[in-house]
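Trainee: Got a predicted structure plus its sequence, pasted below:
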Amino acid sequence: MASGLSHIEYQLLVEEAPIMIWRSTITMECDYFNEKWLAFTGRSMEQEMGNGWTKGVHPDDLDKCLKIYVDHFTRRDIFEMEYRLRRFDGVYRWIFDRGAPYSDPEGNFKGYIGSCIDVTERIEALVVQKKAHESEVRELRGFLPICSYCKKIRNDKNYWEQIESYISSHSDALFSHSICPECAAVVMAKFKKEKNVLDRRTDRSED
C-alpha cells in the first residue's frame, strides 16, 4: 500500500483512476477489476472474474494476447500488449495493456496488476497514415519524367533529383549500389582498353 494512504483512500484512488485496472493471482486467474473496466465492458465483476474477461477480447487477438500473458507471467516479467476489447455497446476498441508482477510486504510473489487505456484513435491514425503512404508508393508505378542522360527524376515540385532520393522519400526502400553483369563487362572492356593505351605509351617512353 502506498505510504501515507489509508486502505480506503487507496481503494478510492484505484477506483477513480482514469484507467482500467485488473489484478490476477498466482493461478493467473483474475480476481479484481476496477469500476472503469466494468463500465467499459458493461459486465459485472462476477462475469469478468477468473478467465471470464477473455470473452471480451476480439477472437483474432485472443491467442496472441494469452500467449504474451502466460509467457511473461511464467518469467514474472513486465509485459505490454495491444488487443481489441469489446465495449459495452458491442464495438471493439484497441486497448494498450501493461501488466507487472507484484509481491506482498514479505516479498512473496502474489500475481500481476495491469493497467489499460483506450488507444483506438492512435491505432486508427496509424492505419490512415499507412494507407496514405501506400497510396504514395502506388504513384511510383505511374509515369515519372526521367532525364535520359543523367537519369534524374523530376519531382512534384518540378525539381530534378536523384532517383534514389525520390524513391526513398516516397517509400521505405533502401539502396545499396552495385553493378550489373552487362555494365560490368562494358566497364571492364573500357578499363582494359585504357590500360592497353597507357601501357603502350609507357613502353614508347621507355624506348
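Mentor: Everything's here; your move.
Trainee: Mind naming the longest strand for the chain?
Mentor: For the chain, the strand with the greatest residue count under DSSP state E is strand 92-103.
Trainee: For Gly114, which non-adjacent residue is spatially closest?
Mentor: Take Gly114 and drop its neighbours on the chain: the residue closest to it by Cβ to Cβ, 6 or more residues apart in numbering is Gly99, 3.9 Å away. (C-beta placed from N, C-alpha, C; glycine too.)
Trainee: Around the one you found, how many other residues sit close by?
Mentor: Counted with other Cβ atoms under 10 Å, residues neighbouring Gly99 total 23.
Trainee: what sits against it?
Mentor: Tyr69, His72, Ile78, Phe79, Glu80, Tyr112, Ile113, Gly114 (Cβ atoms under 8 Å, 6 or more residues apart in numbering).
Trainee: so what's Cys116 up against?
Mentor: By Cβ under 8 Å, 6+ apart, the contact list for Cys116 reads Ile19, Met20, Ile21, Trp22, Trp37, Leu85, Ile95, Phe96, Asp97, Arg98.
Trainee: So for the helix or strand just after the longest strand of the chain, what gets flagged as buried?
Mentor: Using DSSP states H and E, the helix or strand that follows strand 92-103 in sequence is strand 109-118. By neighbour count with 16 or more other Cβ atoms under 10 Å, strand 109-118 contains the buried residues Gly111, Tyr112, Ile113, Gly114, Ser115, Cys116, Asp118.
Trainee: From Ile68, how far off is the fifth one?
Mentor: In this view, Ser115 and Ile68 are 15 Å apart by Cβ to Cβ, to the nearest Å.
Trainee: any idea which of the contacts of Gly99 is closest to Ala185?
Mentor: Glu80 (54.1 Å; Cβ to Cβ).
Trainee: The closest one reaches Asp97, doesn't it?
Mentor: Yes. Glu80 lies in contact with Asp97 (Cβ atoms under 8 Å); the separation is 7.2 Å.
Trainee: more neighbours, those two?
Mentor: Asp97 (20 against 12).
Trainee: What pLDDT does the model give that one?
Mentor: Here the pLDDT value assigned to Asp97 is 97.
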